[in-house]
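Visitor: Return atomic coordinates for the entry below.
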Amino acid sequence: QVQLVESGGGLVQPGGSLRLSCAPSGFTLDYYAIGWFRQAPGKEREGVSCIGVGDGSTYYADSVKGRFTISRDNAKNTVFLQMNSLKPEDTAVYYCATDHPICDSSWYQRSEYDYWGQGTQVTVSS
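Guide: So this is what the prediction gives:
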């Protein structure tokens with residue numbers, strides 16, 4: 001059974017940082033791209049970032065470029081999302097997802113992924 005588990009969310013002040021983790025249960029991440037998504041109350045789930053296998057190509061939504069960094073540690077079987085310079089508008093439940101080995105041109109679309117974690121809450125507030 002394919003499962004993903006996110007962790008690392010919490011409450012942080014504007015300008016602060018958090019690092020989210022995405023770890024699988026029942027499979028290795030070596031052959032899977034991982035996408036990060038977020039969903040704020042009343043809004044659609046949106047793609048934040050994606051990291052592929054092989055050369056580890058990375059992709060970011062314009063809203064987080066320069067502030068967020070996605071990385072993978074295959075030895076730890078974990079993908080990370082380092083979030084810096086957080087803003088109140090980053091507040092959302094963050095999800096990781098997977099289904100295939102590459103981040104293609106549709107990486108940001110929810111429909112591209114079949115396997116999702118349960119999400120972790122990130123709240124940016126003073």
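
Visitor: From now on I want contacts and neighbour counts done on CA atoms only, so please keep to that.
Guide: Fine.

Visitor: just checking, Gly10 touches Thr123?
Guide: Yes: assessed by C-alpha atoms under 8 Å, Gly10 is found in contact with Thr123 at 6.1 Å.

Visitor: out of these two, which sits in the more crowded spot?
Guide: Neighbour tally, Gly10 and Thr123, criterion other C-alpha atoms under 10 Å: the higher count belongs to Thr123, 21 against 14.

Visitor: quick one: contacts for that one?
Guide: Going by C-alpha atoms under 8 Å, 6 or more residues apart in numbering, Thr123 touches 9-12, 88, 90-92.

Visitor: Run through the bridge partners of it.
Guide: Leu11 (DSSP bridges).

Visitor: check which helix or strand covers Gln82.
Guide: Assigned by DSSP states H and E, Gln82 falls within strand 78-83.

Visitor: Who are the packing partners of the helix or strand just after that strand?
Guide: Downstream of strand 78-83, the first helix or strand assigned by DSSP H and E is strand 92-98. Applying 3 or more C-alpha pairs under 8 Å, 6 or more residues apart in numbering; DSSP states H and E, we find strand 92-98 packed against strand 3-7, strand 34-39, strand 115-116, strand 120-124.

Visitor: Just the C-alpha atoms of the longest one, please, in CSV.
Guide: Listed in CSV are the C-alpha atoms of strand 34-39, where the atom choice follows Å, rounded to 0.1, in the frame of the first residue of the first chain:
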residue,chain,number,x,y,z
ILE,A,34,7.4,14.2,-5.4
GLY,A,35,5.1,17.1,-5.7
TRP,A,36,4.2,19.5,-2.9
PHE,A,37,0.8,21.2,-2.9
ARG,A,38,-1.1,23.4,-0.5
GLN,A,39,-4.7,24.3,0.1
